[in-house]
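Q: coords please:
(one chain, ligands or ions: 1)
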Amino acid sequence: MCGIFGIYGSPETTDVAHLTYYGLYALQHRGQESAGIVVHGSRNETHFHKGMGLVSKVFNERDLEGLKGKVAIGHVRYSTCGDSNKRNIQPIIVQFSRGRLAIAHNGNLVNAQELFKRLEEEGSIFQTTTDTEIFAHLIAKSKQESFEGRVQEALAQVKGAYSLVLLYNGVLYGIRDPNGFRPLILGNLEGSYILASETCALDLLGAEFVREIEPGEMIKISSKGLESSRFSARKESFCIFELVYFARPDSHIFNQSVYQARIRMGAQLARESKTEADVVIPVPDSGVAAAIGFARESGIPYEMGLTRNHYVGRTFIQPSPEIRDLRLKIKLNPIEEALQGKRVIVVDDSIVRGTTCKQLIKLIRKAGAKEVHLKISSPPIRYPCFFGIDTPDRNQLIAATHSLEEIKDFLGVDSLQYLSLEGLRAAVKGNKHSYCEACFTGQYPVAISNAQWAINE
Ligand code: AMP
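A: Numbering: from 1, shown residues only. Sure thing, here's the model as predicted:
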């Protein structure tokens, strides 16, 4: 998953680089592997700075000073296509016959392999292993006269999820795929136009929310102002998992408050649940809002049963089994005083592999909980995501390979309950046709070849 940001500065704006930096800071939860900013300078030159790691590590004051200009785009990355390495840091920058183009992408193309193959056979040389570079090749190779025509021709060939910000010869573009899988927001800061993955980036800058970019819409922001065009009919397959887990709770995406949606998920889960207990505790931070909703609806007191250490980066953690255990303990520690001798309801947003969850339950029991009842504010994740959420293949998704009873035993809980799909639908705005629920149902809004998601039995 990734976070994207773009700004077209008003004539008075002097420093788009710092604004982009803070925008990326607010979007850090969407990607922690690498970050980058590209700025279009006043003499048509391009400045950029990119690096591996968190935004705060990648940029220092001197780097930002060097990024002078009026238009910028930025990106934070968590890889779902291509390795996590320096080569793949976005925005990617290319030079082609018509000028210089920088691209920042959130999403995942489902026909990337086909396109890589075709383009390479036609002579393209890829500099990265990301599907994002495919856009650059398709745009560069197009025979259309206008840049917009080239982009449209490129978009007609790609399938999948893409929210994009492009910086082309000093003009800023924002594009959202026809299904609108990933969010993309338009804001305004005293005459400067802003594009961002989530509204939390606007809040940090003190910018106003204008509207969401529509699925199938391309907007162009230049010295002439903002122009909107449509490259495809609007469908709606908003990623429901953004509301469950991914987006920040203070954001408004898909025309709703993420926080309130999660509160409603928790309340709905409580209505579907009949467990007697002494306390409700969240798994912070992702389970907090749903646990509040659960506690309110059930009348069971809400307690802080786990403390989270917020200073744990993701980037430097080695994925070896021994360190995984340590990693969890660095991140979360139970508060015995809230748990000792209690019947505890633990609320979390989702179970993916189940491995983190299992260790957590062990810690909660060790802290003295008498009973542990796990409530999950989304249905079982049984299918991988091909549209940008980093879920493992089906073999590693515990709910794809185990029954509810088996998962309960594996986790070591007294009871386990997931939110029903109907309950999740009732908690979010719109109807079931507005969302991609493929991770729960296996019904992918854009066709996926079977080979990509078969379980090896
Ligand atoms: P596990 O118990 O190992 O399945 O981990 C589940 C936890 O990971 C939940 O608390 C979720 O909040 C979180 N989670 C869900 N989806 C993802 C994802 N795509 N990447 C990282 N963490 C996730």
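Q: low-confidence ranges in the stretch 201-350 of the chain?
A: Within the stretch 201-350 of the chain, the stretches falling below the threshold (pLDDT under 70) are 313-325.
Q: hmm, try it at 80
A: The stretch 201-350 of the chain contains residues with pLDDT under 80 at 311-327.
Q: ranges for the helices of the stretch 1-150 of the chain?
A: Taking DSSP state H, counting those that start in this stretch as the test, the helices found in the stretch 1-150 of the chain are 16-26, 55-58, 61-65, 112-121, 132-141, 147-155.
Q: what average pLDDT does the longest one get?
A: What that stands for is helix 16-26. Helix 16-26 comes out with an average pLDDT of 98.
Q: which residue sits closest to the residue sitting furthest away from the middle of the chain, ignoring its sequence neighbours?
A: Here the chain reaches farthest from its C-alpha mean at residue 341, the gap being 38.0 Å by C-alpha atoms, centre = their mean. Take residue 341 and drop its neighbours on the chain: the residue closest to it by C-beta to C-beta, 6 or more residues apart in numbering is residue 370, 5.5 Å away. The way it works is simple: take the backbone N, C-alpha and C, and place the C-beta from them, glycine included.
Q: phi, psi of the closest residue to residue 13 other than its chain neighbours?
A: Using C-beta to C-beta, 6+ apart and skipping the chain neighbours, the partner closest in space to residue 13 is residue 192 (5.2 Å). Backbone torsions for residue 192, taken as degrees, to the nearest 10, come to phi -90, psi 130.
Q: quick check: the residue farthest from the centre of the chain touching residue 365?
A: No: at 12.0 Å, residue 341 does not count as touching residue 365 under the criterion of C-beta atoms under 8 Å.
Q: can I see the domain layout of this protein?
A: As recorded under automatic domain parsing, the domains making up the chain are 2-235, 258-428.
Q: which among these is found nearest to residue 435?
A: When those are compared by C-beta to C-beta, domain 258-428 sits nearest residue 435, at 7.0 Å.
Q: got the end-to-end distance for that closest one?
A: Its start and end residues considered, domain 258-428 measures 9 Å (C-alpha to C-alpha, to the nearest Å).
Q: if I pick the residue of the stretch 151-300 of the chain found nearest the ligand, what's in contact with it?
A: Using C-beta to the nearest ligand atom, the single residue of the stretch 151-300 of the chain nearest to the ligand is residue 286, 3.6 Å away. Contacts here follow C-beta atoms under 8 Å, 6 or more residues apart in numbering; on that basis residue 286 touches 245, 348-350.
Q: also residue 6?
A: Counting by C-beta under 8 Å, 6+ apart, residue 6 has contacts 20, 71-74, 104, 165, 167, 172, 174, 194-196.
Q: contact partners for the residue in the stretch 51-200 of the chain positioned nearest to the ligand?
A: Residue nearest to the ligand within the stretch 51-200 of the chain: residue 78 (7.9 Å; C-beta to the nearest ligand atom). By C-beta under 8 Å, 6+ apart, the residues touching residue 78 are 1-2, 30-33, 390.
Q: quick check on those: which are buried?
A: Buried members of the contacts of residue 78, counted by 16 or more other C-beta atoms under 10 Å: 1-2, 30-33.
Q: closest to the ligand out of those residues?
A: Within the buried ones among the contacts of residue 78, proximity to the ligand (C-beta to the nearest ligand atom) peaks at residue 1, which comes in at 7.1 Å.
Q: find the nearest non-adjacent residue to the closest one, please.
A: residue 78 (4.9 Å).
Q: compare the contacts of residue 286 and tell me which has the most neighbours.
A: Counting neighbours by other C-beta atoms under 10 Å, the top entry in the contacts of residue 286 is residue 349, with 25 neighbours.
Q: so what's it up against?
A: 244-245, 262, 283, 286-287, 290, 376-378.
Q: if you set the cut-off to 7 Å instead, what comes out?
A: The contact partners of residue 349, taken as C-beta atoms under 7 Å, 6 or more residues apart in numbering, are 244-245, 286-287, 290, 377-378.
Q: and residue 143, by the same measure?
A: Contact criterion C-beta under 7 Å, 6+ apart gives no residues in contact with residue 143.
Q: next, give phi and psi for it.
A: According to degrees, to the nearest 10, residue 143 has phi -100, psi 0.
Q: and the gap between residue 186 and residue 207?
A: 10 Å (C-beta to C-beta, to the nearest Å).
Q: I misspoke; the intended subject was residue 233.
A: Residue 233 sits 30 Å away from residue 207, taking C-beta to C-beta as the criterion.
Q: which of the two has more neighbours?
A: Using other C-beta under 10 Å as the criterion, residue 233 and residue 207 rank with residue 207 on top: 23 against 8.
Q: find the nearest non-adjacent residue to residue 149, please.
A: residue 142 (7.2 Å).
Q: residue 418 contacts residue 380, correct?
A: Yes: at 5.4 Å, residue 418 and residue 380 qualify as touching, with contact defined as C-beta atoms under 7 Å.
Q: how about the residues of this protein by the ligand?
A: The chain has residues 245, 283, 286, 348-357, 389-391 near the ligand, with proximity defined as C-beta under 6 Å from any ligand atom.
Q: all helices for the stretch 351-457 of the chain, in order.
A: Secondary structure of the stretch 351-457 of the chain, counting by DSSP H, counting those that start in this stretch: helices at 355-366, 398-401, 404-411, 421-427, 438-441.
Q: can you list contacts of the last one?
A: Going back to what we said before, that points to helix 438-441. 241, 379-383, 385, 391, 421, 444-445.
Q: where is the longest helix in this protein?
A: helix 258-271 (DSSP state H).
Q: and it, what does it pack onto?
A: Packing partners of helix 258-271 (3 or more C-beta pairs under 7 Å, 6 or more residues apart in numbering; DSSP states H and E): helix 288-298, helix 421-427.
Q: got TSV for those, with distance to residue 304 and mean neighbour count too?
A: Listed next are those as TSV, based on distance: least, C-beta to C-beta, whole Å; neighbours: other C-beta atoms under 10 Å:
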stretch	distance to residue 304	mean neighbour count
helix 288-298	9	24
helix 421-427	24	18
